[in-house]
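J.: A predicted structure for the sequence below; I have some questions about it.
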Amino acid sequence: MDKLIIGNMKMNIVTLAEREHYLSLFKKELKGCSLKETEIVLCPPYIHLETLVKKIPKKVAIGAQNVFWEREGSFTGEISSAMLKNIGCQYVILGHSERRKYFAERDGEVNLKMLASLKTGLKPILCVGENKNQRNNNNVIIAQQLKNCLKDVNQSRIQEVVICYEPVWAISANSPNHLPTADEIMSARLVIKKFLVEKYGLKIAEKVKIIYGGSVSATTVRETCLDSGMRGALIGKASLDPYEFIKIAKIIDN
Ligand code: PGA
């Protein structure tokens, strides 16, 4: 499939009853939806992964929101890529700004997670993007993050990686005025593309999906994702509402 819509459910869906409710609404929406070129990925908290793999129709891929780079051992509280793969996960979000902010995650760690995920056969969704203070300098920030996080990722593996431009200041924005314009998103896309072309060559770079994330809704998806030439979206809040989420998926698909 050429396009992607990814739901980053973050630390939501607290009870089993909420999960069942979400699942039944999601399946209902999915029934009326046949997408031609867009793959749907849902990334719930770890604790719901196995159930979603089992209960969501196979046309929806399931991903985790984080991973640890070692395979097994004395790493209290961590989950490995082998564990994720073993229960049927296909994707993993890496380097999300909330992990960088609240858990002090740096590019070096993201790179270790990237290499471990690729080795295991998980597809990494790498988040890059500037914070508010770095907005005027975002090209440099994005290129630096890509250089660090994709260190030692070779030509044969890069095609498995999805790159998501997520300006930190646009995540959970309260008003459409706080979103980047289609031109701003397009110019970030071109910075990412240029990096990929220089490192991997044009032919391979074209195969890497570049998507946008940050307050995407059915109202904002056209300007943020389509007008900017992105191949999909990473969606936080709106992924918690299956009706809205599938509505966005249909818009991306067309
Ligand atoms: P949002 O979150 O859609 O709620 O802004 C996106 C994200 O953080 O991935």
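T.: Arrived safely. Residues are numbered from 1 along each chain as shown.

J.: Quickly check: the lengthiest helix in the chain near the ligand or not.
T.: Using DSSP state H to define each element, the chain has its longest helix at helix 182-200. No: Helix 182-200 stays out of contact with the ligand when judged by Cβ under 6 Å from any ligand atom, the minimum separation being 13.7 Å. For the C-beta atoms, the positions are set from N, CA and C on the backbone; glycine is no exception.

J.: Stretch 58-69 too?
T.: No: shown here: stretch 58-69 not in contact with the ligand (Cβ under 6 Å from any ligand atom), separated by at least 9.3 Å.

J.: Quick one: end-to-end distance for that stretch.
T.: End-to-end distance of stretch 58-69 (Cα to Cα, to the nearest Å): 27 Å.

J.: Could you do stretch 119-129 as well?
T.: So stretch 119-129: terminal residues 25 Å apart, Cα to Cα.

J.: Three-state assignment for residue 207, please.
T.: coil (DSSP: H, G, I helix; E, B strand; the rest coil).

J.: for it, what are its contacts?
T.: Applying Cβ atoms under 8 Å, 6 or more residues apart in numbering to residue 207 gives the contacts residue 159.

J.: got a pLDDT number for it?
T.: pLDDT for residue 207: 96.

J.: So it versus residue 71, what's the distance?
T.: Residue 207 sits 28 Å away from residue 71, going by Cβ to Cβ, to the nearest Å.

J.: And the longest helix of the chain, what does it pack against?
T.: helix 138-149, helix 155-158, strand 162-165, helix 202-205, strand 210-213 (3 or more Cβ pairs under 8 Å, 6 or more residues apart in numbering; DSSP states H and E).

J.: 10 Å instead, please
T.: On a contact count with 3 or more Cβ pairs under 10 Å, 6 or more residues apart in numbering; DSSP states H and E, helix 182-200 meets strand 123-128, helix 138-149, helix 155-158, strand 162-165, helix 202-205, strand 210-213.

J.: Take these and write them to TSV, including mean neighbour count.
T.: As requested, those are exported to TSV (neighbours: other Cβ atoms under 10 Å):
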stretch	mean neighbour count
strand 123-128	26
helix 138-149	18
helix 155-158	14
strand 162-165	26
helix 202-205	13
strand 210-213	26
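
J.: Any chance of JSON lines for the ones you listed, columns distance to residue 115?
T.: JSON lines is the format used below for the helices and strands packed on helix 182-200 (distance: least, Cβ to Cβ, whole Å):
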{"stretch": "strand 123-128", "distance to residue 115": "9"}
{"stretch": "helix 138-149", "distance to residue 115": "10"}
{"stretch": "helix 155-158", "distance to residue 115": "9"}
{"stretch": "strand 162-165", "distance to residue 115": "16"}
{"stretch": "helix 202-205", "distance to residue 115": "18"}
{"stretch": "strand 210-213", "distance to residue 115": "20"}
